[in-house]
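**Student:** got a structure for you, letters missing:
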């Protein structure tokens, strides 16, 4: 069941759509950024990303004087456990993504984020006991067949794509049930990451092998900027998701894997066989079915056509929620 929020001024929603669009464009260009850090081991890049993300988010919270929620929410064991689980999932997702970028698996990352919303639908059905709508089931089945076909044809399971899709979908599920808002939730998760990341950095630099020191100012600057690169698109999206319809958000989210696909295929010239074309074509069909079904359902529930600058809506669609809460 969908509920409609109070109508918003058209000028209020336009910046929201632009913010969401900017977030997806930034995420789509991420492979180019992480490849600049290709000389740095993925594990070292990861711990820098954790440390500098906390620094950047702490500065934002301090600027907005948003600290009163800490005592209220962080005294609850369930909130702490959810944040700890979210930190673990983000750590896995971030590491695998960085490793994939540095080892020529941009196309697999694209596949992973194309099927991520469909994994979210499956998780909602399995965990939240939400009923899978018929066309959603068709889309999920086609995506599963595509992954299975690619695995059998290449005699290799697309492990990176499956890990990225599963960890991000699980993280979205946690954020859906979390009591914390996006900024507060991400800050809490990076707090859990910070101590082990800082210890790891100290050990790396105690051996005088840290890239931050040995690879010059350019690499050092890039490592520091990982905090901004990680956090800024999340905050842009959090702003945009509250001011644009979920139908628009649901369509815009495919900008990211589409950009990854274009970069992997035409810029980085990764191997792309006939089997890849067939599998990706099947996934695109599945995604198209999912998007069209969601749009038609949204229009039926609202009783009027939804446009990018229409009134904001709230939806219980698990795939949309998994994105809008990250």
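**Tutor:** Looks like it arrived, so ask away. Values in this document were obtained by computation on a predicted structure and should not be read as measured data. Residues are numbered from 1 along each chain as shown.
**Student:** Extract the residue ranges of the chain that are flagged as low pLDDT.
**Tutor:** Along the chain, the model assigns pLDDT under 70 to residues 1-13, 246-247, 302-326.
**Student:** roughly how far apart are residue 48 and residue 156?
**Tutor:** Here residue 48 is placed at a distance of 31 Å from residue 156 (CB to CB, to the nearest Å). Backbone N, C-alpha and C define where each C-beta goes, glycine included.
**Student:** Compare the two (neighbour count), which wins?
**Tutor:** Remark: of residue 48 and residue 156, residue 48 carries more neighbours, 26 against 9, as counted by other CB atoms under 10 Å.
**Student:** distance of that one from residue 204?
**Tutor:** 10 Å.
**Student:** ok, residue 19 touching residue 233?
**Tutor:** No: contact criterion CB atoms under 8 Å: residue 19 and residue 233 do not qualify, at 9.6 Å.
**Student:** can you pull out the strands in this protein?
**Tutor:** 3-4, 313-314 (DSSP state E).
**Student:** What lies in contact with stretch 135-146?
**Tutor:** 115, 118, 121-122, 132, 278-280, 282-283, 285-287, 289-290, 293 (CB atoms under 8 Å, 6 or more residues apart in numbering).
**Student:** which two in those residues are spaced the farthest apart?
**Tutor:** Comparing every pair within these by CB to CB identifies 132 and 278 as the most remote, at 25.1 Å.
**Student:** number of nearby residues for residue 70?
**Tutor:** By the criterion of other CB under 10 Å, residue 70 has 14 neighbours.
**Student:** Make 10 the first number, not 1, from now on.
**Tutor:** From this message on, residue numbering opens at 10, which makes the last subject residue 79.
**Student:** from the chain's centre, how far out does stretch 225-241 sit?
**Tutor:** Its chain's C-alpha centre and that of stretch 225-241 lie 19 Å apart, by CA atoms, centre = their mean, to the nearest Å.
**Student:** buried residues in it?
**Tutor:** 228, 229, 231, 232, 234, 235, 236, 238, 239, 240, 241 (16 or more other CB atoms under 10 Å).
**Student:** Could you point out which of those is nearest to residue 160?
**Tutor:** Ranked by distance to residue 160 (CB to CB), these are led by residue 239 at 30.8 Å.
**Student:** how near is the closest one to residue 188?
**Tutor:** According to CB to CB, residue 239 stands 23 Å off from residue 188.
**Student:** in the helix ranked longest in the chain, what's buried?
**Tutor:** If you go by DSSP state H, the chain has its longest helix at helix 283-311. Neighbour-count burial for helix 283-311, counted by 16+ other CB under 10 Å, picks out 285, 288-289, 291-293, 295-296, 298-300, 302-304, 306-307, 311.
**Student:** Enumerate residues external to stretch 87-95 that contact any of its residues.
**Tutor:** 82-83, 180, 183-184, 186-189, 194, 197-198, 200-201.
**Student:** can we see that at 10 Å?
**Tutor:** 81-83, 85, 179-184, 186-189, 193-202, 335 (CB atoms under 10 Å, 6 or more residues apart in numbering).
**Student:** Only the buried subset of those, as a ChimeraX command please.
**Tutor:** Here is the ChimeraX selection string for the buried members of those, based on 16+ other CB under 10 Å:
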select :82,179,180,181,182,183,184,187,189,193,194,195,196,197,198,199,200,201,202,335
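**Student:** Now residue 165. Its backbone dihedrals?
**Tutor:** Backbone geometry at residue 165, expressed as degrees, to the nearest 10, gives phi -160, psi 120.
**Student:** Give me the distance between it and residue 197.
**Tutor:** Distance from residue 165 to residue 197, by CB to CB: 37 Å.
**Student:** Same question for residue 92.
**Tutor:** For residue 92, the distance to residue 197 - CB to CB - is 4 Å.
**Student:** Then residue 78?
**Tutor:** 10 Å.
**Student:** any shared contact partners between these two?
**Tutor:** residue 189.
**Student:** ok, back up a step: between the contacts of stretch 144-155, which is nearest residue 73?
**Tutor:** residue 130 (34.5 Å).
**Student:** Alright, that wraps it up for me.
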